[in-house]
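> No letters, just coordinates:
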């Protein structure tokens, strides 16, 4: 494929790709009527250098898309797009669109990051294209005016504080509705997929290839469902289970943490001479549970913080990384006993979302709550299956704390979605035979293995490569054993003949691509 072939795209063909996925009001346009999306799909792109500190070939532009695809003549949004052209005009295949996840993660910097990580044979074949999804970063960023405390999502269940947490959830939903409700109801995965297809058309491509991490896997899967004929080579890395969006994805964190905690206790017991946390897995688990109970009675001062038992449980993601978790718990134990622990390299911190580069003469600042506002817009507005009764959340939190002691009540506790105004349309059912490649680490804290298996079931033409023993969120670009399979697929189009499980013999390289996690959630270092 060659870039700049907008003129060769027939307006009727572009319209057909959209009409099949738009609301009935647009789909019912009479034969021969003007394409209502033509102003968007054939808009001219004004590329300019993204950032003087970045490579000169790293270019950015701003596109227009409808806020509501059912009313394409109405309000518009800006979509910030970036690209690095393919390294070889002769070998070029097309564009590889990139998304870091979230929801709420900006992707404008991804082409530069990917160029440093991807093999040369991929760089030669594809223009690497990044974008900030609608409502995120430089793409008409949304805001609810939330305070720092209102953005704190980690809220365990306690009978004494449940009423306060209900008020928090209601307040966030009310503030978002009052501040940006007419916009937020259109910040959905389906509309972002439509935006991706506008990007495809504007770039002059009949099809797009795609690499999406985390939430980006769900976005990619929705695109395959809505635009199957526009789908080329799709790699879904660390996958979300489409059948469990979105409440189920909170709950899968709790489900996945328990076996990770068990695995960690077994690993640590075999190294009792080093960490002195117990000679058996049961003893190791008891040490941590005793620390939680002690911190509930009196917070443990550790690395500049005073940690409660809830704080320790909230950092459940560290247990997906055996060695860092052992170092962290050993440090906690020493601090609780009155010693001065060494700095723990395994201690999980709070996730941060990288800011996209500024470009252009009048780029607005990104609101401080943009990640949270766009996150809740998608998570709450994508689907209409959130319970509306606060008592349902109470019952589920009590039940799941018993089932999954580390994190069950956090996962099932009340969220703003209980009071959120429904999105503009129902969620997409992902159920097709598109040939995509799914990559999955066995021990992934944000999208556990069972989540990737759910995506594999939904995309019946997919193949899945699992890294046995693999730790961390994000696979491609880490020099793991899965990289060669993804590179082969992107460069040849051939999927593996069957699902594969491989093992990386040496410690994997840190993932430096900006894989985005949900905002405000304490977690282990995603780049480990």
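All right, it came through fine. Remember, predicted model here, so these are calculated numbers, not experimental data.
> Next, please give the residue ranges for the helices of the stretch 1-150 of the chain.
Along the stretch 1-150 of the chain, the segments classed as helices by DSSP state H, counting those that start in this stretch run 11-19, 24-27, 38-41, 110-117, 120-125.
> low pLDDT regions in the stretch 251-400 of the chain?
340-364 (pLDDT under 70).
> what do you get for the chain?
In the chain, residues with pLDDT under 70: 1-33, 340-364, 505-514, 516-528.
> Work out which residue lies at the spatial centre of it.
Closest residue to the average C-alpha location of the chain: residue 101 at 2.5 Å, with CA atoms, centre = their mean.
> Tell me what that residue is bridged to.
residue 516 (DSSP bridges).
> from memory it sits against residue 213, does it?
Yes: at 4.7 Å, residue 101 counts as touching residue 213 under the criterion of CB atoms under 8 Å. All C-beta atoms are positioned from the backbone trio N, CA, C, and that covers glycine.
> what does stretch 187-200 contact?
17-18, 21, 37, 40-41, 63, 65, 69, 79, 81, 95, 97, 103, 129, 131, 133-135, 142, 207-208, 210, 218-219, 222-223, 226-227, 230, 374, 377-378, 381-382, 423-425, 427-428 (CB atoms under 8 Å, 6 or more residues apart in numbering).
> Which stretches in the protein count as strands?
Counting by DSSP state E, one finds strands in the chain at the ranges 48-49, 59-66, 76-84, 94-99, 126-131, 208-213, 231-237, 300-302, 305-307, 349-350, 437-443, 463-471, 500-502, 522-523.
> quick one: which of the ones you listed is nearest residue 481?
With CB to CB, the closest approach to residue 481 among the strands of the chain belongs to strand 500-502: 3.7 Å.
> Tell me the strands beside the closest one, with direction?
strand 463-471 (parallel).
> Quick check: closest non-adjacent residue to residue 126.
Once flanking residues are discounted, residue 126 sits nearest to residue 96: 3.8 Å by CB to CB, 6 or more residues apart in numbering.
> what's the spacing between the one you found and residue 474?
Separation of residue 96 from residue 474 (CB to CB, to the nearest Å): 16 Å.
> which one of these two has more residues nearby?
residue 96 (29 against 26; other CB atoms under 10 Å).
> Quickly list what the more buried one is bridged to.
Under the criterion used (DSSP bridges), residue 96 bridges to residue 128, residue 209.
> Can you give me every residue that contacts the residue lying closest to residue 207 once chain neighbours are set aside?
Nearest residue to residue 207, sequence neighbours excluded (CB to CB, 6+ apart): residue 232, at 4.0 Å. Applying CB under 8 Å, 6+ apart to residue 232 gives the contacts 94, 207, 208, 209, 210.
> Please repeat the previous calculation with a cut-off of 7 Å.
94, 207, 208, 209 (CB atoms under 7 Å, 6 or more residues apart in numbering).
> Drop anything exposed from the residues you listed.
For these, a burial check counting by 16 or more other CB atoms under 10 Å picks out 94, 207, 208, 209.
> Could you verify my assumption that the residue nearest to residue 126 touches residue 128?
Yes: judged on CB atoms under 7 Å, residue 96 makes contact with residue 128 at a distance of 5.6 Å.
> which residues are common contacts for residue 101 and residue 213?
Contacts common to residue 101 and residue 213, judged by CB under 7 Å, 6+ apart, are residue 515.
> re earlier: the residue nearest to the centre of the chain contacts residue 216, doesn't it?
Yes: between residue 101 and residue 216 there is a contact under CB under 7 Å: 4.8 Å.
> What is the burial count for residue 461?
11.
> typo on my end, it should be residue 422
Residues near residue 422, counting by other CB under 10 Å, number 13.
> how far away is it from residue 34?
For residue 422 relative to residue 34 (CB to CB), the value is 31 Å.
> got it, and residue 465?
Residue 465 is 46 Å from residue 34, by CB to CB.
> Compare neighbour counts for the two and give me the winner.
For residue 465 versus residue 34, the count of surrounding residues by other CB under 10 Å is larger for residue 465: 27 against 10.
> ok, that one - contacts?
437, 439, 482, 485, 496, 500, 502.
> are any of the residues you listed buried, and which?
Buried among these by 16+ other CB under 10 Å: 437, 439, 482, 485, 502.
> thinking again about what came up before, let me have the buried ones among the contacts of residue 232 in a markdown table, extended by distance to residue 330.
Shown next, in a markdown table, are these (distance: CB to CB, whole Å):
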| residue | distance to residue 330 |
| --- | --- |
| 94 | 50 |
| 207 | 52 |
| 208 | 48 |
| 209 | 45 |
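> of the buried ones among the contacts of residue 465, closest to residue 281?
residue 502 (27.0 Å).
> Would you agree the closest one is in contact with residue 482?
Yes: in terms of CB under 7 Å, residue 502 counts as a neighbour of residue 482; the distance is 6.4 Å.
> what sits in contact with each of those two?
465, 467.
> And the chain, what are its domain boundaries?
Per the TED database, the structural domains of the chain span 43-142+188-245+428-503, 152-171+247-349+385-421.
> Between the two ends of the last one, how far is it?
By that I understand domain 152-171+247-349+385-421. 21 Å (CA to CA, to the nearest Å).
> Then the longest one?
Across domain 43-142+188-245+428-503, the terminal residues are separated by 47 Å (CA to CA).
> Check stretch 486-498 too.
14 Å.
> And that stretch, how far out from the chain middle?
23 Å (CA atoms, centre = their mean, to the nearest Å).
> what do you get for stretch 475-492?
Worked out by CA atoms, centre = their mean, stretch 475-492 lies 20 Å from the chain centre.
> before we move on, what about stretch 149-167?
24 Å.
> do stretch 315-329 as well
Using CA atoms, centre = their mean, the distance between the centre of stretch 315-329 and that of its chain works out at 22 Å.
> for stretch 172-186, same thing?
With CA atoms, centre = their mean, you get 21 Å for stretch 172-186.
> Same check on stretch 214-233?
For stretch 214-233, the distance to the chain centre is 14 Å (CA atoms, centre = their mean).
> quick one: buried residues of it?
214-227, 230-233.
> Pull up the distance across it, start to finish.
For stretch 214-233, the end-to-end distance is 17 Å (CA to CA).
> Stretch 395-413 too?
Terminal-residue distance, stretch 395-413 (CA to CA): 9 Å.
> Same check on stretch 147-158?
For stretch 147-158, the end-to-end distance is 23 Å (CA to CA).
> Name the residues of it that are buried.
150, 151, 152, 153, 154, 155, 156, 157.
> ok, the fifth one touching residue 411?
No: between residue 154 and residue 411 there is no contact, the gap being 10.2 Å when judged by CB under 7 Å.
> any shared contact partners between those two?
Counting by CB under 7 Å, 6+ apart, nothing touches both residue 154 and residue 411.
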